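>>> Let's see this in three dimensions:
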Amino acid sequence: MNLGRREFLQTLAAASACGFLHSLPASGSSLYEFAPFGHVRLLHITDSHAQLNPVYYREPHVNIGVGDSRGRPPHIVGDQFSEYFSISPSTPSAYAFTYSNFSELAEKFGKVGGFAYMKTLVDRLRQDYGSERTLLLDGGDSWQGTGTALWTRGMEMVKASNILGVDIATGHWEFTYTPEEFRANLEAFDGAFIAQNIFLTEDALFDEKPVFDEDTGHAFQPYVMKSLGGRDIAIIGQAFPYTPIANPRRNIPDWTFGIRGEEMQDLVDRIRATEKPDAVILLSHNGMDVDLKLAGIVTGIDAILGGHTHDAVPTAIQVKNSQGTTLVTNAGSNGKFVGVLDLEIAKSGVKGFQYRLLPVFGNYLDADARMQEFIDRSREPYANVLDEKLAVTESLLFRRGNFNGTFDELVCRALRHNTDAQIALSPGFRWGTSVVPGEAITMEDVLAQTAMTYPETYTREMSGETIKLILEDVADNSFNTDPFYQQGGDMVRVQGLTYTIEPANSFGKRISNLRLDNGELIEANKNYMVAGWATVGEISPGPPVWEVVADYLRNQGVVRVDRVNQPELVLGANNPGVGMWDMT
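Alright, predicted model coming up:
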């Protein structure tokens with residue numbers, strides 16, 4: 001589906017006329033006040049990345065869409081985003097959904113998220129609607145992203161999810177623990193873990209590895225049926241399709257992934273024919289562009305609750321296909337939002353909907369006592385390490401965006417510090433919280449950027465040809481005009497290197513004019529010393545990156561990042577996915 005701005009606004013107008021859409025409130029006190037609608041309520045969280053405590057999290061100032069995605073949600077940022085969705089400036093909603101005036105609004109509205117506050121909100125949303133008619137769905141990337149999650153091998157987050165009351169989940173970074181650790185976490189999880197797109201390999205089937213269905217080869221339950229207030233709802237799971245490419249294959253040797261659109265269509269048809277549900281929902285970790293394309297191809301799905309790309313989109317996008325319409329949503333990240341989808345269901349199926357994406361503000365919610373007690377107890381053994389103040393920042397530190405963020409700059413500085421590396425490369429991860437100017441950078445903040453199971457650093461020689469190929473490969477993953485070939489993540493972060501990028505070009509033709517900081521043109525057949533971390537192949541020999549960054553910050557005392565290493569962008573005029581390159 002190719003929704004232009006005019007068509008999208010017409011859709012919003014039509015939805016508003018039917019009473020299914022409401023404008024975002026200007027005041028925080030009214031964020032959580034709205035009348036229930038319909039017969040079934042689906043609550044959705046995704047990409048919390050183990051952030052149990054409230055955080056600062058700056059939304060991107062660069063989120064470029066190419067092809068049909070250009071200028072379409074989620075590829076709109078800053079003030080243009082606010083205009084598109086009619087968000088008033090300097091309101092809680094402007095703070096939650098955009099990067100505009102972030103530091104100023106952070107001081108005004110405080111931190112967001114935190115599972116104790118989320119628990120209070122989730123319980124309220126259940127009680128107001130009726131617990132028997134409500135489900136809480138987790139779109140994945142919940143077990144990874146902090147030091148405590150890493151040190152407990154994800155178990156901390158499993159226990160937190162159980163207290164929160166997660167009914168159904170799928171995954172991505174959950175698979176970066178060892179198979180044994182992953183299985184132990186699943187055993188402890190009270191909800192259902194579903195994924196229609198993960199199958200055992202032939203060798204794993206022959207070796208009689210654990211499998212949900214030997215006949216189909218599904219490694220996990222592909223879907224679940226739930227009866228909510230007399231309505232039967234089918235929930236299908238879709239794990240991140242490119243996990244073995246984006247993350248180390250060694251942790252998932254027995255499974256194959258993929259988008260598997262044809263298998264999904266067959267599954268939807270079979271569920272419709274045999275289970276006769278009142279609604280079919282896809283809990284997805286595809287990324288929003290993939291979900292938008294999938295919604296136009298696979299028929300019979302009423303709504304896709306999506307994640308992976310960390311896009312916070314305040315409305316449900318309606319995508320037409322050959323047999324009807326599918327709603328597509330994406331619920332942000334880092335515990336910052338709870339999506340609320342209320343469905344009106346008639347004999348013929350879903351008749352109407354109401355959708356809200358609610359920011360979780362501690363200023364307007366009370367902390368749940370049981371969840372807070374668990375968080376405090378879980379954190380206590382590690383508090384001395386987590387609370388260490390490494391340096392003070394004079395700049396806003398953030399990661400989110402297609403290219404370098406200011407925290408990425410610090411990571412790259414640390415990688416090059418006291419080495420002979422001319423260039424630093426850091427992965428384009430989307431996870432990682434923000435630190436506002438004037439605050440101490442703690443070890444917990446560093447771990448929020450780096451805590452993962454393959455953190456080892458390296459320093460090695462690379463040819464200019466290899467460096468360009470790396471940039472071209474990552475650019476194709478990020479900016480391929482066919483969303484089904486976008487394999488996750490943003491552009492690799494770089495330092496000591498500048499380049500020009502034309503995102504709309506084809507593979508091999510996006511990257512040019514590679515130069516060292518001194519202006520020297522990088523030559524294809526010349527070698528350069530490069531520092532980096534997080535290789536998905538063989539384990540690198542260097543220390544964990546968090547040790548490297550922490551040592552660097554301790555030596556600095558005070559840090560300031562006045563600019564980010566941005567490439568020269570070659571885009572069409574007035575691209576709404578590009579905002580100001582400011583540090584505030």
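>>> residue closest to the middle of this protein?
Geometric centre of the chain, nearest residue: H310, 3.2 Å, by Cα atoms, centre = their mean.
>>> So what does it look like in phi/psi?
With angles defined as degrees, to the nearest 10, H310 sits at phi 60, psi 20.
>>> is it true that it touches G401?
No. Between H310 and G401 there is no contact under Cβ atoms under 8 Å: 10.4 Å. Bear in mind the C-beta positions are built from the backbone N, C-alpha and C, glycine included.
>>> I'd assumed D420 was in contact with M529.
Yes. Under the criterion of Cβ under 8 Å, M529 makes contact with D420 at 5.4 Å.
>>> Between the two, point out the one with more neighbours.
Higher neighbour count among M529 and D420: M529, with 15 against 8, using other Cβ atoms under 10 Å.
>>> Now do the contacts for the more buried one.
Neighbour list for M529: T419, D420, A421, Q422, I423, T459, R460, E461 [criterion: Cβ atoms under 8 Å, 6 or more residues apart in numbering].
>>> residue boundaries of the strands in the stretch 201-350 of the chain?
223-228, 231-238, 255-256, 279-284, 303-306, 317-321, 324-330, 337-346, 349-359 (DSSP state E, counting those that start in this stretch).
>>> Turn those strands into JSON lines, including mean pLDDT and distance to G438.
What follows is the strands of the stretch 201-350 of the chain, written out as JSON lines (pLDDT from 0 to 100; distance: least, Cβ to Cβ, whole Å):
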{"stretch": "strand 223-228", "mean pLDDT": "98", "distance to G438": "47"}
{"stretch": "strand 231-238", "mean pLDDT": "98", "distance to G438": "42"}
{"stretch": "strand 255-256", "mean pLDDT": "97", "distance to G438": "46"}
{"stretch": "strand 279-284", "mean pLDDT": "98", "distance to G438": "39"}
{"stretch": "strand 303-306", "mean pLDDT": "98", "distance to G438": "36"}
{"stretch": "strand 317-321", "mean pLDDT": "97", "distance to G438": "38"}
{"stretch": "strand 324-330", "mean pLDDT": "97", "distance to G438": "32"}
{"stretch": "strand 337-346", "mean pLDDT": "97", "distance to G438": "26"}
{"stretch": "strand 349-359", "mean pLDDT": "97", "distance to G438": "23"}
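>>> Looking at these, which is nearest to P244?
strand 255-256 (7.7 Å; Cβ to Cβ).
>>> what's that closest one in contact with?
Contacts with strand 255-256, where a contact means Cβ under 8 Å, 6+ apart, come from I198, F199, L200, T201, A204, A219, P244.
>>> Indicate each strand paired with it and its parallel or antiparallel sense.
Neighbouring strands of strand 255-256 in its sheet, by DSSP bridges, are strand 199-200 (antiparallel).
>>> follow-up on the earlier one: if we only consider the contacts of strand 255-256, which is nearest to D291?
Nearest to D291 among the contacts of strand 255-256 is I198, at 17.6 Å by Cβ to Cβ.
>>> how near is the residue nearest to the centre of the chain to G428?
12 Å (Cβ to Cβ, to the nearest Å).
>>> Tell me how many other residues surround A273.
Using other Cβ under 10 Å, A273 is surrounded by 8 other residues.
>>> wait, I meant E388
Applying other Cβ under 10 Å, we find 16 residues neighbouring E388.
>>> Now do the contacts for the residue lying closest to it once chain neighbours are set aside.
Nearest non-adjacent residue to E388, counting by Cβ to Cβ, 6 or more residues apart in numbering: M443, 4.5 Å away. The contact partners of M443, by Cβ under 8 Å, 6+ apart, come to G147, V385, L386, D387, E388, L390, W546, A550.
>>> wait, which of those is closest to I304?
Here the nearest of those to I304, counting by Cβ to Cβ, is G147; it sits at 32.6 Å.
>>> The closest one touches A451, doesn't it?
Yes. G147 lies in contact with A451 (Cβ under 8 Å); the separation is 5.1 Å.
>>> So which of those two has more stuff around it?
Looking at G147 and A451 with other Cβ under 10 Å, you find the greater number of neighbours at A451, namely 24 against 20.
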